[in-house]
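K.L.:
Here is the input, now give the coordinates:
(chains A and B, ligands or ions: 2)
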Amino acid sequence: MENNQEYDFIIKNLNLHYGDNHVLKDINMEIKHSRVTAFIGPSGCGKSTLLRCLNRMNDLYDICRIDGDIFYKNININEMNPVELRTKVGMVFQSPNPFPMSIFDNVAYGPRCNGIKDKATLKEIVTTSLKKASLYDEVKDRLKDNALGLSGGQQQRLCIARAIAIQPEVILMDEPTSALDPIATSKIEELIDELKQDYTIIIVTHNMQQAARISDYTAFFLLGEVIEMGETSELFANPQNEKTEDYITGRFG
Amino acid sequence: MMNVDREKFLKKRKLVDRIRNVLTYISAFFGVLVLAAILAFIFIGGLPNLSFKMLVSDYKIELTTVRIESDRKFENPDDKYEYFSSNFGVAIEDGKDNSGERIIVIEYLDENSPFKNSICIDNTDLKDSVVDIEVGSSLNLMMGEDEFGVFVMASNGDDLEDYIEALDRLTKIDSLQIESQGGGIRGSLLTTIILIITTLIIALPIGIGAAIYIVLYAKESKFKRAIVSMIDMTSGVPSIIFGFVGAIIFIPFVTKLGASSGYTILAGALTMSIVLLPVITKTTAESLLVIPLSYQMASLSLGASKTQTVFKVILPNAFPGILQATLLSIGRIIGESAALLFVMGSNISDEVSLFGQSTSLSLHIWNITSGESPNFGQAAAISIIILIVVFVMSTSVKLISKRQLKNNGG
Ligand SMILES: Nc1ncnc2c1ncn2[C@@H]1O[C@H](COP(=O)(O)OP(=O)(O)OP(=O)(O)O)[C@@H](O)[C@H]1O
Ligand SMILES: [Mg+2]
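P.N.:
Ligands and ions are numbered 1, 2, ... in the order given. Now for the predicted structure:
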C-alpha cells in the first residue's frame, strides 16, 4: 500500500450485496484528511450503505456481503478490530437517537465504554463535547434530565456531542439535518464548519445547497455507482457528467 | 338506479351488523355470567374460612395427652358461661379449626383450675412435665372413672352439654387429649414461595440468555428458525407432559444429589423451569425485538463492544419485558398442579426444605378435596389466595405493557 498521509480513507473496487441486491458497484474513492466530503444522489443509491461500510456498521446485517478493500490510514479495516475502528470513526445518524438516559450519561457513554472511569475526567469530556456541539449553554443546568426530553435539534446536537466525546478522527454524518427545521439546520451547519478544523467529516445530504455550502469535496452517486467526484465548487459549477448536471439542477431525482 | 341499489345495500348491511352485534352481546353475557358464578361460589364459600391464623399455622394436629386431678369445686363467675364444669373450673364452647372442622375449645379457665397443673402422660421427653393448657386450647378424647368406678368417656364428636356432664362426673381425668389447631397452610404457602424463588433463579437466567442469543447473536439460519419455532411449539405443550418427563429425569437426578427421596421442591422447581422456559424466552425475546435497532447502532458506533451494548443499552430497555416474564411465571407456578403432582406429590408437610417433600397451594387444594370428606370451604379459601395473586400478577403485566406502549409511542 502506498504510504499516503493525505487520505484518511482509500476505497478500492468495493462491491456490496444485500442478499441478491447489488447495492454498491465498483466504488473507488479517496477521502481527504481534514476536509468535508459530501455524498449526494437520489434516494436508494447507496450513500448510507457506503457510509456504514466505513465504520463497519454493515457487520450488523447478516445478509450483507462486501468485496473489495477499504483502507483507513493505510490499514485494511477488515484487519482492524471493529470496536477499535469505531472509536476512531464516529457516526451521527439520520434521525437523532439518544439513549433513554440522562444527557450526561449519553455523552459519557462512549468514554465509559472505553474504560474511562474517573469522574472529573468524564465531567471534563462531557463539558467540552457539549461545548463543541454548541449545546452546552442550553443544557448545562439539566445534565441529569432524560435526553429524550430535548427538542429534535437539541437531540441531534447531543448525538454529535456524543460522537465527539470518544475523540474520533473522522465523523460520519448521515443526513444529520433531515429531521430538523431551518434554524436547527443552520446551527448544525455552523457546527460542521467549526468541527472541520479538527476532524475529517463525511456527510450524506439530499440538500444541494447544503452540500455546496459546507463541503470541500462532493461525490455524486447513482444506482450504486459513483458517477462523479471532485472539488465541490468544481462539481457544482462545472459538472463533467450529464447525469450529475441533471441531478444538481434538479432535472431528475 | 344506482341509488336504489345503494339503499338496499345499506339496509342489508344494517341488518347483518345488528345480528352480529346481538350475537356478540349474548355470548359475552354468558361468558361474564359463568365467570361471575364461579367467583361468587369461591368467595362465598372461602371468605368465612380465610384467616391470618390459617396462613401461619401448621397442617398437622399436635396431640398431647395429660392427666388431671381436682380436689375442690369452682364457681361459674356470674353464671356467665353456659357450659361450665364446677369440678375443674373450665368452660368450653364450639369452635372451628383452620380447615373449618368443628372442635371444642376452652372458653374460660379459673385461675386455680387443675387444668393448669395437668401432667403429660405421653411417652415422650415431656412425660411427667406440666403441660401449658390455655384458653383457646382444644379438647378431644377424655377418659376417667367416676366415684363409683364407672368408666366415663367423651370426645369432640359429642355435644358441649354431654362433654361437660361427663367432665363433672369426674374428679380425676385419667387421660385427656389436648390438640393444637391443625389444618393450616403455612407449609404449603412456604413451599410455594420457595418453589417460585427457586424456579425463577433457575429459569430466568437461562430464558433471558436464550432470548439474547436468539435475538442478538444467532445468525439468520435454519438452525435459528428451528429453535424459534420449537420455542413457539413448546409453549403450548400441556404441562402434564412436562410433569412426567420431569419425573423421569429430575427425580433420579435430585436423588443423586443426596435427597432421601426425589419428590422434592427442587424437582418441582426444575420441572417448572422447563415448563416456563419457552414463556420466559418468548416474552423476553419479544421485548428485545421492539428495542429500536438505532440504540444498538448508536452504542456500537461509539466504540462499545457487543457485550457492553447488550448490558448497558439493550437489557435495561428490555427490563419491562423481563419483569412481565417474571410476573407471568409467578402466576403460572402458583396455578400449576398437573406437572407438580408428578415431581412433588400432594402430601402436605409442615417441614419445608428444598430437598424435602412438601406440596404447593394448588396441590394442597387437591389433597384436601380428594379424600373421603372433601373440605370445599378451605379449598375455596386457598383458591381466593391463588386467585388474588394471579390477578395481581396479570394486572401488573397489563399495566407494564400499557406503560411501555405509551413510552414507545411518545
Ligand atoms: N439493512 C438492509 N438490508 C437490506 N437492504 C438494504 C439495507 N439497507 C439498505 N438496503 C438497500 O440498499 C439500497 C441502498 O440503500 P441506502 O440506504 O444506502 O440508500 P441511500 O442512498 O442512503 O438512500 P436515502 O437517501 O433514501 O437514505 C436500497 O435499495 C436499500 O433497499
Ligand atoms: Mg440513507
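K.L.:
I'd assumed A:Phe104 was in contact with A:Val126.
P.N.:
Yes: using Cβ atoms under 8 Å, A:Val126 makes contact with A:Phe104 at a distance of 5.7 Å. (Glycine included, C-beta is placed from N, CA and C.)
K.L.:
Name the residues contacting each of these two.
P.N.:
By Cβ atoms under 8 Å, 6 or more residues apart in numbering or on different chains, A:Val126 and A:Phe104 have these common neighbours: A:Leu143.
K.L.:
Which of those two has more residues huddled nearby?
P.N.:
A:Val126 (22 against 19; other Cβ atoms under 10 Å in any protein chain shown).
K.L.:
Show me where the stretch 51-200 of chain A has its helices.
P.N.:
A:82-88, A:103-113, A:119-132, A:136-139, A:152-165, A:182-195 (DSSP state H, counting those that start in this stretch).
K.L.:
Minimum distance to ligand 1, which residue of chain B gives it?
P.N.:
As assessed by Cβ to the nearest ligand atom, ligand 1 sits closest to B:Leu293 within chain B, at 9.2 Å.
K.L.:
thinking again about what came up before, columns mean pLDDT and distance to chain B on top of the helices of the stretch 51-200 of chain A, output as JSON lines?
P.N.:
Converted to JSON lines, the helices of the stretch 51-200 of chain A look like this (pLDDT from 0 to 100; distance: least, Cβ to the nearest Cβ, whole Å):
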{"stretch": "helix A:82-88", "mean pLDDT": "92", "distance to chain B": "4"}
{"stretch": "helix A:103-113", "mean pLDDT": "94", "distance to chain B": "4"}
{"stretch": "helix A:119-132", "mean pLDDT": "92", "distance to chain B": "12"}
{"stretch": "helix A:136-139", "mean pLDDT": "90", "distance to chain B": "18"}
{"stretch": "helix A:152-165", "mean pLDDT": "91", "distance to chain B": "7"}
{"stretch": "helix A:182-195", "mean pLDDT": "86", "distance to chain B": "16"}
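K.L.:
Minimum distance to B:Phe115: which of those has it?
P.N.:
Between B:Phe115 and the helices of the stretch 51-200 of chain A, the tightest spacing by Cβ to Cβ is seen for helix A:103-113, at 70.4 Å.
K.L.:
shouldn't B:Asn98 be in contact with B:Met54?
P.N.:
Yes: the pair B:Asn98 / B:Met54 is scored as a contact, 4.2 Å apart, by Cβ under 8 Å.
K.L.:
Need the residues touching each of those two.
P.N.:
In contact with both B:Asn98 and B:Met54: B:183-185, B:378, using Cβ under 8 Å, 6+ apart.
K.L.:
Identify the spatial nearest neighbour of residue 151, chain neighbours not counted.
P.N.:
Answering for chain A, as no chain was given. A:Ala184 (7.7 Å; Cβ to Cβ, 6 or more residues apart in numbering or on different chains).
K.L.:
you looked at the wrong chain, it should be chain B
P.N.:
B:Glu145 (5.9 Å).
K.L.:
so A:Thr37 sits in a helix?
P.N.:
No: in this structure, A:Thr37 is strand, not part of a helix, as judged by DSSP: H, G, I helix; E, B strand; the rest coil.
K.L.:
Kindly state the pLDDT recorded for it?
P.N.:
Per-residue pLDDT puts A:Thr37 at 94.
K.L.:
Now do the same contact list for it.
P.N.:
A:31, A:200-203, A:215-219.
K.L.:
and those, which are buried?
P.N.:
A:31, A:200-203, A:215, A:217-219 (16 or more other Cβ atoms under 10 Å in any protein chain shown).
K.L.:
List the residues that contact A:Ala38.
P.N.:
So A:Ala38 contacts A:202-205, A:210-211, A:214-215, A:217-219, A:232 (Cβ under 8 Å, 6+ apart).
K.L.:
Inside helices: which ones of those residues?
P.N.:
Among these, the members found in helices (DSSP state H) are A:210-211, A:214, A:232.
K.L.:
count of neighbours near residue 54?
P.N.:
If you meant another chain, say so; for now it's chain A. Count around A:Leu54 with other Cβ under 10 Å applied: 22.
K.L.:
Correction: the question concerned chain B.
P.N.:
For B:Met54, using other Cβ under 10 Å, the count is 22.
K.L.:
how much space between it and A:Gly250?
P.N.:
In this view, B:Met54 and A:Gly250 are 82 Å apart by Cβ to Cβ, to the nearest Å.
K.L.:
what about the helices in the stretch 151-300 of chain B?
P.N.:
B:160-169, B:186-212, B:222-234, B:239-256, B:265-289, B:293-301.
K.L.:
distance of A:Tyr247 from B:Thr234?
P.N.:
For A:Tyr247 relative to B:Thr234 (Cβ to Cβ), the value is 55 Å.
K.L.:
how many neighbours does residue 63 have?
P.N.:
Chain wasn't specified; assuming chain A. 12.
K.L.:
Chain B is the one I meant
P.N.:
B:Leu63 has 13 neighbours, counted by other Cβ under 10 Å.
K.L.:
do the one 4 residues further on as well
P.N.:
The tally of other residues near B:Arg67 (other Cβ under 10 Å) stands at 16.
K.L.:
My read is that B:Ser362 contacts B:Glu336, right?
P.N.:
Yes: B:Ser362 is within contact range of B:Glu336, at 6.4 Å (criterion: Cβ under 8 Å).
K.L.:
quick revisit: which of A:Tyr247 and B:Thr234 has more neighbours?
P.N.:
A:Tyr247 (22 against 17).
K.L.:
Could you list the residues in contact with the helix or strand hosting the more buried one?
P.N.:
For A:Tyr247, the element it lies in under DSSP states H and E is helix A:242-248. Here helix A:242-248 makes contact (Cβ under 8 Å, 6+ apart) with A:40-42, A:208, A:220, A:222, A:227-228, A:235-236, A:239, A:251-253.
K.L.:
which of those residues has the most neighbours?
P.N.:
A:Ile40 (28 neighbours).
K.L.:
Determine the longest helix present in chain B.
P.N.:
Per DSSP H, chain B has its longest helix at helix B:2-46.
K.L.:
After it, heading C-terminal, what element do we hit next?
P.N.:
That would be, after helix B:2-46 and using DSSP H and E, helix B:52-56.
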